[in-house]
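>>> Build me a model:
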Amino acid sequence: MSAISIEADAFAPATAADLRVARRIMWTYISTGLAIFFLMMLLGIAMRAEQAGWVTFDPGWFYALLSLHGVGMITAMAIAGLGTLWYLVRRETPLDPRIAYLAYGFFVAGALCVIIAVFPGKFGSLWTMLYPLPFVGTYWPSWATGVWLVGNALVMTGFMVWCAQILGALIARFGGILGMLGIGYVFNIRGYEEAHREPPSPQMFAAAITAIDGIIGSTFGLAAGIGMLVHWIDPSVAIDPLWAKNLIYQFGHTFANLTMYMAVAGVYVGLPLCTKREYHTSKPLAIAWWGTLLFVIIAYFHHLYMDFAQAETVQFIGEIASYLAAIPVVVVTVFSGAMLVHRSGMRWSLGSMFLYAGMIGWVVGGTAAVLDATIPINLDLHNTLWVPGHFHTYLLQGVLLFTMGWVFVTLEQRSATITSLAMRWLIGGTIFGGAAMFLLSFYIAGANGVPRRYAVEPAPGPELATVATIGALILLAGIIIAAIEALRLARLPKAQEAAA
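Sure thing, here's the model as predicted:
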């Protein structure tokens, strides 16, 4: 494979020194996110092994680990995605590295607080921390609840800092919000061409929507978090449970969905490097991102179908938005990505394989989510293992594969080297095969009514948990082998140095 230098883009205003700093920030974020993700995988395997009866530990610890696992997985993928997106934005417009490191500091501080709340605090109210559960009849000390809330608030603050910087940079780069969203490009393309203006690149749309929806979601999340912190300090201050649940799920659902949109930016840049074709902005792509901007922040209502006190109107809004959110970017991105690869003569590498497979995982996980968001089906599936099935698919075979794809494309382009065929088969077979065993166990259990969030599951839960644990161990082995291969590629000299 011939080398295509990522840092030599003609459109990038940044100097070589600027890009070195940007790459350092990107790798700091990505390595931290993947390291946290790996640790959360170990916790997940331990919990599935406990449900399978392979190991036994106190149920209180199970729910504490489940709390850490849930918030840790999402945060890990967000950190990795934010690093990739920051670098891609920096290639096109100036950004201050100090703000990136400030946001990173908030993420690390928040993660440490959450870990302390669980070890040794044993906080076990799950990532949702729905009021009043963290305060009533708990088996953990009160201080653990406070530390958990502070940790989550720090992560939200770091996310807001990151979003604010990106949003400001994009507004300056494209001359306002309308330019950032490509409004003029869609409705006045002739004027754009006459003025010799360029619309935002596909990855800039991903950055813009992440920044806007991220600020909105973090505002909701912080409002709920601060309210609960005030209640923790002074229990006489009452909180409306439905108010808190709406705010928490608005942030949680938005944050989880945005991890995909952060990571998909790597597809917009990585696949063209592999296919040697251009992934350009089009009117359908711009309009699709507008839809995503709206639908992502209101689709969370499907988490509250069973709250009878909720206004019935918003329940229908939740269902409609859930369907519409799954269509615009997924359809446009996946279709155009497939067309980019079709008859391109692309040589398959680990990078291109992961990017392409990630689009498949995105569709599968999204389809399962839409089924669960359908009100009649939701009544049967929502409190079962079907739901962990769909978001594990979303993360493991969507966000994670996009992130790994971007990592490998970057390393492959740097060294002008791809992994051997045998190693590609070994890594692909273990990661995809192990993930299939692991994820199918969730879906089959959910379809059979096995409840989620249970330390001890009714039949056929334990039997399926056994299959899931075996699949997870195979998947883990594949990820470890892939990490070793990534380190090998990283140690190779740059293509230019090797040629010299």
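
>>> What's the first helix or strand after the longest helix anywhere in the chain?
Among the elements of type helix in the chain, defined by DSSP state H, the one spanning the most residues is helix 16-52. Downstream of helix 16-52, the first helix or strand assigned by DSSP states H and E is helix 59-90.

>>> could you check the angle helix 16-52 makes with that following helix?
Taking axes from the mean of the first three to the mean of the last three C-alpha atoms, to 10 degrees, one finds helix 59-90 and helix 16-52 inclined to each other by 160 degrees.

>>> Heading C-terminal from helix 59-90, find the next helix or strand.
With elements assigned by DSSP H and E, the helix or strand that comes after helix 59-90 is helix 97-118.

>>> now that next one and helix 59-90, what's the angle there?
Using the same axes, to 10 degrees, the interaxial angle of helix 97-118 with respect to helix 59-90 works out to 170 degrees.

>>> Low-confidence regions, the stretch 1-150 of the chain specifically.
Judged by pLDDT under 70, the stretch 1-150 of the chain has its weakly predicted residues at 1-13.

>>> before we move on, back to that, name the helices or strands packed onto the longest helix of the chain?
In this structure, helix 16-52 makes packing contacts with helix 59-90, helix 97-118, helix 400-415, helix 461-491, judged by 3 or more C-beta pairs under 8 Å, 6 or more residues apart in numbering; DSSP states H and E. (Each C-beta comes from the backbone N, C-alpha and C, glycine too.)

>>> how about the ones you listed in CSV, adding mean neighbour count?
Formatted as CSV, the helices and strands packed on helix 16-52 follow (neighbours: other C-beta atoms under 10 Å):
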stretch, mean neighbour count
helix 59-90, 24
helix 97-118, 19
helix 400-415, 26
helix 461-491, 18
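
>>> which one of those lies closest to Asn383?
Nearest to Asn383 among these is helix 461-491 (13.5 Å), distances taken as C-beta to C-beta.

>>> average pLDDT for that closest one?
Helix 461-491 shows an average pLDDT of 96 in the prediction.

>>> could you give the angle of that helix to helix 400-415?
In terms of direction (the same axes, to 10 degrees), helix 461-491 departs from helix 400-415 by 20 degrees.

>>> So what's the residue count around the closest residue to Tyr305 other than its chain neighbours?
Beyond its immediate neighbours in the sequence, the residue positioned closest to Tyr305 (C-beta to C-beta, 6 or more residues apart in numbering) is Asn378, lying 5.3 Å away. A count of nearby residues for Asn378, using other C-beta atoms under 10 Å, gives 22.

>>> got a pLDDT number for Asn378?
88.

>>> next one: the one 5 residues further on
In the prediction, the pLDDT value recorded for Asn383 is 91.

>>> can I assume the residue nearest to Tyr305 sits in a strand?
No - per DSSP: H, G, I helix; E, B strand; the rest coil, Asn378 lies outside any strand segment and is helix.

>>> residue contacts, it?
With contact set as C-beta atoms under 8 Å, 6 or more residues apart in numbering, Asn378 has these partners: 302, 305, 372.

>>> hang on, the first one in a strand?
No - looking at His302 with three-state DSSP, it is helix, so not inside a strand.

>>> Number of residues surrounding it?
By other C-beta under 10 Å, neighbour count at His302 equals 26.

>>> and what of the last one?
For Asp372, the tally of surrounding residues (other C-beta under 10 Å) stands at 23.

>>> surely it meets Phe391?
No - taking C-beta atoms under 8 Å as the definition, Asp372 is not a contact partner of Phe391, at 9.8 Å.

>>> about what we covered before: what's the closest of the helices and strands packed on helix 16-52 to Thr219?
Within the helices and strands packed on helix 16-52, the stretch nearest Thr219 is helix 97-118; the backing value is 15.5 Å (C-beta to C-beta).

>>> Please pull up the helix or strand immediately following that closest one.
helix 142-174.

>>> Distance to Trp290 for the contacts of Asn378 - can I get that in TSV?
Converted to TSV, those look like this (distance: C-beta to C-beta, whole Å):
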residue	distance to Trp290
His302	21
Tyr305	27
Asp372	25
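
>>> with those residues in mind, which one is nearest to Leu43?
Each of these was scored against Leu43 by C-beta to C-beta, and Asp372 proved nearest at 24.0 Å.

>>> Okay, that closest one and Gly291: tell me how far apart.
Here the distance between Asp372 and Gly291 works out to 20 Å (C-beta to C-beta, to the nearest Å).

>>> before we move on, what about Leu154?
Separation of Leu154 from Gly291 (C-beta to C-beta) stands at 32 Å.

>>> More neighbours: the two, which one.
When Leu154 and Gly291 are compared for neighbours, Leu154 comes out ahead with 21 against 17, by other C-beta under 10 Å.

>>> contacting residues for that one?
Contacts here follow C-beta under 8 Å, 6+ apart; on that basis Leu154 touches 106-107, 109-110, 113.

>>> Turn the contacts of Asn378 into TSV, including distance to Glu319 and pLDDT.
As requested, those are arranged in TSV below (distance: C-beta to C-beta, whole Å; pLDDT from 0 to 100):
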residue	distance to Glu319	pLDDT
His302	6	88
Tyr305	8	88
Asp372	11	89
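
>>> So which of those residues is the closest to Leu400?
Of all those, the one sitting nearest Leu400 is Asp372; the distance, using C-beta to C-beta, is 20.8 Å.

>>> What sits closest to that closest one if chain neighbours are left out?
Leu381 (5.1 Å).

>>> Might one say that that neighbour is in contact with Val370?
No - under the criterion of C-beta under 8 Å, Leu381 makes no contact with Val370, lying 11.5 Å away.

>>> And the two? Which one has more around it.
Ranked by neighbour count (other C-beta under 10 Å), Leu381 and Val370 place Leu381 first, with 23 against 20.

>>> Return the residues in contact with the more buried one.
Counting by C-beta under 8 Å, 6+ apart, Leu381 touches 371-372, 387, 446-447.

>>> next one: Phe159
By C-beta under 8 Å, 6+ apart, the residues touching Phe159 are 78, 82, 103, 106-107, 214, 218, 255.

>>> of the contacts of Asn378, closest to Ile320?
Lowest distance from Ile320 to the contacts of Asn378 (C-beta to C-beta) belongs to His302, with 9.9 Å.

>>> That closest one and Ala416, how far apart?
Summarising the geometry, the distance separating His302 from Ala416, computed by C-beta to C-beta, is 47 Å.

>>> Same check on Met346?
Going from Met346 to Ala416 by C-beta to C-beta gives 15 Å.

>>> cool, Leu112 as well?
Applying C-beta to C-beta, the value for Leu112 to Ala416 is 40 Å.

>>> Buried residues in stretch 275-290, which are they?
Buried positions in stretch 275-290, judged by neighbour count with 16 or more other C-beta atoms under 10 Å: 275, 277, 279, 281-282, 285-286, 288-290.

>>> and stretch 311-319, how far from the chain's centre?
In this view, stretch 311-319 has its centroid 26 Å away from the chain centroid, taken as C-alpha atoms, centre = their mean, to the nearest Å.
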